[in-house]
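Colleague: quick check, what structure comes out for this input:
(2 chains)
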Amino acid sequence: MSGAVARTERRPVRPVSLALLLAVAIVLGFLSGFPAGLGVFLAVGLVVVGAVLRAVPGHGLAAYAPVPVLGVLLLEASTAPVGFGTELFAGLAGLAFLVWLADDPARPAGGSVRALPALAVPALALALAWSSALFLPTGLLPVGVAGALLALLVAAVALLAGRPTVFDREAARS
Amino acid sequence: MNEGSSPPALRWRPLAPLLLGAGMVLLLIAVLTRNPVPLFLGLPLLLAPVAAASVGPRANPPVEVALTVEGAAAEVRLEGTVAPPPDIDARDLVLEFSRPSGLMGEATPRLDASPDRVEVHANWVASEPTITEVDAPRVAWQDPMGLVEREAVVSMRPLTVSRYPPELLRIGAVRLERTTPLPGETRSRRIGESGEFHGIRPARPEDPPRLINWRASAREGRPLSNEFDLDKTGDILLLLDARPTSLGRQADERLFSIARAAALGISESFLTVKARVGVGVFGEFLDTVPLATGRTQRIRIETALKRARLSSVAAPPERCAIAARRSFPPGLTTVVFSTLADDASVDLSPYLRHRGFPVVVLSPSPLPLLAAASPLSGADEALAGRIARLVRRNRIAQAWRESPAIDWDDYWSLGQFVDFVRRPRIRRVG
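Modeller: Now for the predicted structure:
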């Protein structure tokens, strides 16, 4: 149980983050390789499913609400061809997904604002990666370098995930 | 830092592995398809858990939990605040409360969060007299995205909730017999030289002439005696029968809980007037709180009653009487809490009486519980209820042959019991 909302009440939908996610997912669905607007249809459908799962209490499935949204983003990004701005929208979709996560209706309002310090890190990394990809000569080399960097990052994340105590700080001694 | 007592450190919530897994899948797809688009989507997903862990508190934050229990009779209101340190937003706290056993109502309290504190409001109802505890809530800091969590250090003692019939508040006015002299007390001081004058009461045959107030007696036309505070206090033993009966575990537990609440109410009332109160809980053996008075004794009795549990073994009643005789002086006024549900529970008071304890049995009736759980309806239910009442009446009459027995069927009223102990009367049996 969390925050300030009773379980029996219908949880308020946070429209700004939902609209942002929906807009970016629709654009990504449009840019994806699915024919005849299927990508857009999938994006709208699964994002709405995720939003409904989070907004309706009592069924115990609210914890699984991010799964369909993450699934459709993964599907669309995997099939999207390389193009001007497609990478940017994929990155923005990831950020919009994180903002939507922070606006959990089961918790006190304003989560997306409070999450800004944490969101700044991936946003900065995304900006660096996209500007590098835009201004560096295209070819296989940047993809390889980025892939290697990401592999290193994943290794570091896996190490941190296994030892969360590295974030702890010893209590100050007077 | 003490490793044994410190709460667990930072924890990844289930969403964090989901994001990391999705990020790695996207990375794999990007490398296999030589397409940077999945890679750009995966980048925020891979970095978000690490960023969330980095911006949160770097150690288990201490939170101040100030809760109070309010309300009267059956109503139990939990009010209070939970305040984190200034560098933590209270809206990022996750609170988990557990409703105490014996209370009904909303399962989770209403929480109003502001940046500096969380206000807690809960309305519960005690369906019957009870003594229970509100445990400290589990408090954790959780990042707004719900990726990482860190336990907070909560310093709060469990709150005691005790609800019993309001008539018990005036039972302390009952005059009790004293079984042992107070420390330093002498015979000459017992007749009133020590202690403040309290009032005038009807004279008793055993009163010495010096206690008789002759002027007041002449005015009233009947013998009256002076009463002093020291003489007014007395001793009482509250004895709870914690043995299992034929009613079954569930009904036994509820009736025992009701008896514990009543015992606490009686002890608090007598302790208020400086009487000495002892408590015994007889399950397999007799656990006792020796006779004493004062605030410390109140805490001792409350703790003992909160810890008292129904025994799984029915011990013979003479064991209780023998053990009581070792711990308490004979002649001690004794209130036995027993359901009188079977012959073994009826047998307890004769053994106590034979060991020198004048006994009054207060018997919480199982009939309301049995009626609520009855699968019957209509005429069958009415017939079953009449038969159960007859059996119960017979059982009470059987107990009356040995000692006064009060049938307690309305759990929120003990007026009948209080009236009896204030003006005891002998019931003719047979």
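Colleague: now B:Val273: closest residue in space, sequence neighbours ignored.
Modeller: Once flanking residues are discounted, B:Val273 sits nearest to B:Gly172: 4.4 Å by C-beta to C-beta, 6 or more residues apart in numbering or on different chains. The way it works is simple: take the backbone N, C-alpha and C, and place the C-beta from them, glycine included.
Colleague: and the helices in the chain?
Modeller: You didn't pick a chain, so chain A it is. For chain A, the helices defined by DSSP state H occupy A:15-31, A:38-55, A:66-79, A:86-102, A:111-114, A:116-135, A:140-162.
Colleague: right idea, wrong chain: chain B
Modeller: Under DSSP H, chain B gives helices at B:15-33, B:36-55, B:187-188, B:214-220, B:229-232, B:249-272, B:295-307, B:317-327, B:343-346, B:348-354, B:367-372, B:378-400, B:415-422.
Colleague: got the end-to-end distance for stretch B:278-294?
Modeller: With C-alpha to C-alpha, to the nearest Å as the measure, stretch B:278-294 spans 12 Å from end to end.
Colleague: and that stretch, which residues are buried?
Modeller: Across stretch B:278-294, burial judged by 16 or more other C-beta atoms under 10 Å in any protein chain shown covers B:278-283, B:286-289, B:291, B:293.
Colleague: dump the residues you listed to TSV, plus distance to chain A and pLDDT.
Modeller: Below are these laid out as TSV (distance: C-beta to the nearest C-beta, whole Å; pLDDT from 0 to 100):
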residue	distance to chain A	pLDDT
B:Gly278	43	94
B:Val279	37	95
B:Gly280	41	95
B:Val281	36	95
B:Phe282	40	94
B:Gly283	36	91
B:Leu286	42	93
B:Asp287	37	93
B:Thr288	41	94
B:Val289	38	94
B:Leu291	45	89
B:Thr293	43	84
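Colleague: which pair of those residues spans the longest distance?
Modeller: Pairwise distances across those peak at 25.9 Å for B:Gly283 and B:Thr293 (criterion: C-beta to C-beta).
Colleague: what's the closest non-adjacent residue to the closest residue to chain A within the stretch 151-300 of chain B?
Modeller: Residue of the stretch 151-300 of chain B nearest chain A, by C-beta to the nearest C-beta: B:Val153 (10.6 Å). Closest residue in space to B:Val153, ignoring its immediate chain neighbours: B:Pro62 at 4.5 Å, by C-beta to C-beta, 6+ apart.
Colleague: neighbours of that neighbour, just the number please.
Modeller: 13 (other C-beta atoms under 10 Å in any protein chain shown).
Colleague: same deal with B:Tyr351?
Modeller: 20.
Colleague: I figured it hits B:Arg325, correct?
Modeller: No. If you go by C-beta atoms under 8 Å, B:Tyr351 and B:Arg325 don't touch, sitting 10.0 Å apart.
Colleague: what sits against B:Lys99?
Modeller: Rather than Lys, residue B:99 is Arg. By C-beta atoms under 8 Å, 6 or more residues apart in numbering or on different chains, the residues touching B:Arg99 are B:105-108, B:122, B:124.
Colleague: most packed of the helices of chain A?
Modeller: Neighbour counts (mean count of other C-beta atoms under 10 Å in any protein chain shown) averaged over each of those peak at helix A:86-102, with a mean of 25.
Colleague: before we move on, the earlier item: mean pLDDT lowest where, among the helices of chain A?
Modeller: Across the helices of chain A, helix A:140-162 has the smallest mean pLDDT, namely a mean of 64.
Colleague: now B:Gln398, nearest residue through space, not along the chain?
Modeller: Per C-beta to C-beta, 6+ apart, closest to B:Gln398 is B:Val346, 5.8 Å.
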